[in-house]
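Chemist: sharing a sequence plus its predicted fold:
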Amino acid sequence: MRTRRFEWGGAEATATAVRAWAAEAAEPVDVASIESEVMEGGDEAVLALTARFDAPENPPTSLPVDPALAAAALGDLDPGLREALETAAANVRAVAEMQLGESRKEVVLPQGQKVTMRWVPVGAAGIYAPGGRAAYPSSVLMCAIPARVAGLERIALASPPGPDGRLHPLVLAAAALCGVEEIYAMGGAQAIFAFAHGTESVRPVDVIAGPGNAWVREAKRRVYGTVGVDSLAGPSELMVIVGGETEPEWAALDLCAQAEHGADSPLIVVSAEEGALDAVAAATERAAAERPSVADAPLALLAVPDLAAAADFANAFAPEHLELFEQDGILAERIVAAGCVFADRYGATAFGDYAAGSNHVLPTGGAGRFTGPLGPAAFRRRIAAVEIPPGAAAELAPHVEALARAEGFPVHGESAMIRR
């Protein structure tokens, strides 16, 4: 772990300092040339890029993957692993369905006009599941299930092939479990550009969702506007607020688990008690040293005046994951900016990453100040319909004319007044 202790300088200033320090090791990313290659070369370019970045020794020869391979992978799963996957899927589906609400609302306004708002699914979604040397079937569930609950009929999955040139069987099994049959062996920025612009084999989509590395994030940033995107998620983050009753080993394992995501995943320990801060820091160093999967992630230690200041700091930093080992009964309610809050000592982030039902595609980099977890809303759009009867037109027209003339658009006013 790369550990640094920070002095309290107020919530906003300290959050800025911690985030700047954690980002110091980030490498610059430029995806413009990849987008140009995909737009000009189509399938051939995507295959060449996938061979270069993902499977140089055994590059795939085509982008589409036979859905029969996914069905076979699901059938071949170890029973215990399949049960775990199905449990996670059921919980994610339940939470997604809870978010739907009404699909149609209307209001009749005082002048007599009626405005109706409908929520309808987008035409198609492209979901991205990281892969390559590792497999992330959980990301398939987290993206495909909310899309399906939103009502989408066309869901396409992209995931990078492994060194053997094939998608991991776990990713394929998760796709089959979610009923996704349009699958592509392509990864990284080129997959995002293929979904946005289309190729000979890949039809463009309307929304792209899913986690990924810095290249995927920058590709999504670049295509936003051509398509919708769920968020611009960056390196995964975890903040824990600890105290005298915190089990240091529990907090340490939670921090080390987050560090498995990579060396650019910021970890923050916050406490109003110096002793608790030191105990968790020491336990984390010990645990990390004994576990080879734990990367050399940045670990920030911050002593705050009290739990109210801890909540203020959390809201200023807006972490992707926030664990509250220490709280005064209302601390969780004070948190208004975080991707997902785990509000007691048993709430390890790992539960949310896999099987609790909450979505693990969450805002990072402070985006928790204005957005939240991936859900069905990312795959739906609103449509407004306005019905204006004669009486409402007569009453509204003078107001429209007055406002239109004030803005310098007199013909707008004429268009309304002719209907009196």
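Modeler: Sure, I can see it.

Chemist: for residue 132, report the pLDDT, please.
Modeler: pLDDT, residue 132: 66.

Chemist: what does residue 163 give?
Modeler: 89.

Chemist: now swap in the one 10 residues further on and tell me
Modeler: For residue 173, the pLDDT comes out at 97.

Chemist: residue contacts, it?
Modeler: Applying C-beta atoms under 8 Å, 6 or more residues apart in numbering to residue 173 gives the contacts 70, 73, 74, 76, 77, 82, 85, 137. Any C-beta I mention is one placed from the backbone N, CA and C, and that applies to glycine too.

Chemist: between these, which has the most around it?
Modeler: residue 137 (28 neighbours; other C-beta atoms under 10 Å).

Chemist: got a list of what the closest residue in space to that one that isn't next to it in sequence touches?
Modeler: Using C-beta to C-beta, 6 or more residues apart in numbering and skipping the chain neighbours, the partner closest in space to residue 137 is residue 174 (3.6 Å). Counting by C-beta under 8 Å, 6+ apart, residue 174 touches 85, 129, 137, 138, 140, 141, 144.

Chemist: rerun at 7 Å
Modeler: 85, 137, 140, 141 (C-beta atoms under 7 Å, 6 or more residues apart in numbering).

Chemist: which stretch of helix or strand covers it?
Modeler: When secondary structure is defined by DSSP states H and E, residue 174 falls within helix 169-177.

Chemist: for that helix, buried residues please.
Modeler: 169, 170, 171, 172, 173, 174, 175, 176, 177 (16 or more other C-beta atoms under 10 Å).

Chemist: ditto for stretch 408-420
Modeler: Quick answer for stretch 408-420 (16+ other C-beta under 10 Å): 413, 416.

Chemist: hang on, the earlier thing: need the next SSE after the helix holding residue 174, C-terminal direction.
Modeler: strand 182-185.

Chemist: would residue 156 count as being in a strand?
Modeler: Yes - assessed by DSSP: H, G, I helix; E, B strand; the rest coil, residue 156 belongs to a strand.

Chemist: list the beta-bridge partners for it.
Modeler: Taking DSSP bridges as the rule, residue 156 bridges to residue 126, residue 182.

Chemist: wait, isn't it in contact with residue 129?
Modeler: No - Residue 156 is beyond contact range of residue 129, at 11.4 Å (criterion: C-beta atoms under 7 Å).

Chemist: neighbour count winner among the two?
Modeler: residue 129 (30 against 24).

Chemist: quick one: distance of stretch 412-420 to the chain centre.
Modeler: Stretch 412-420 sits 46 Å away from the centroid of its parent chain (C-alpha atoms, centre = their mean, to the nearest Å).

Chemist: ditto for stretch 386-404
Modeler: So, by C-alpha atoms, centre = their mean, the centroid of stretch 386-404 is 43 Å from its chain's centroid.

Chemist: kindly export that stretch (C-alpha atoms) in PDB.
Modeler: Output in PDB follows, covering the C-alpha atoms of stretch 386-404 (Å, rounded to 0.1, in the frame of the first residue of the first chain):
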ATOM      1  CA  VAL A 386     -49.400  17.700 -24.700                       C
ATOM      2  CA  GLU A 387     -53.200  18.000 -25.400                       C
ATOM      3  CA  ILE A 388     -54.600  21.500 -25.600                       C
ATOM      4  CA  PRO A 389     -58.400  21.900 -26.000                       C
ATOM      5  CA  PRO A 390     -59.800  25.100 -27.500                       C
ATOM      6  CA  GLY A 391     -60.500  26.700 -24.100                       C
ATOM      7  CA  ALA A 392     -57.000  26.200 -22.900                       C
ATOM      8  CA  ALA A 393     -55.600  27.500 -26.200                       C
ATOM      9  CA  ALA A 394     -57.600  30.700 -25.800                       C
ATOM     10  CA  GLU A 395     -56.500  31.200 -22.200                       C
ATOM     11  CA  LEU A 396     -52.800  30.400 -22.800                       C
ATOM     12  CA  ALA A 397     -52.300  32.300 -26.100                       C
ATOM     13  CA  PRO A 398     -51.900  35.800 -24.700                       C
ATOM     14  CA  HIS A 399     -49.300  34.600 -22.200                       C
ATOM     15  CA  VAL A 400     -47.400  32.800 -25.000                       C
ATOM     16  CA  GLU A 401     -47.500  36.000 -27.100                       C
ATOM     17  CA  ALA A 402     -46.200  38.200 -24.300                       C
ATOM     18  CA  LEU A 403     -43.300  35.900 -23.500                       C
ATOM     19  CA  ALA A 404     -42.500  35.200 -27.200                       C
END
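
Chemist: how about the closest residue in space to residue 21 that isn't next to it in sequence, secondary structure?
Modeler: In this structure, residue 21 finds its nearest non-sequential neighbour in residue 4, 6.3 Å apart by C-beta to C-beta, 6+ apart. Per three-state DSSP, the local secondary structure of residue 4 is strand.
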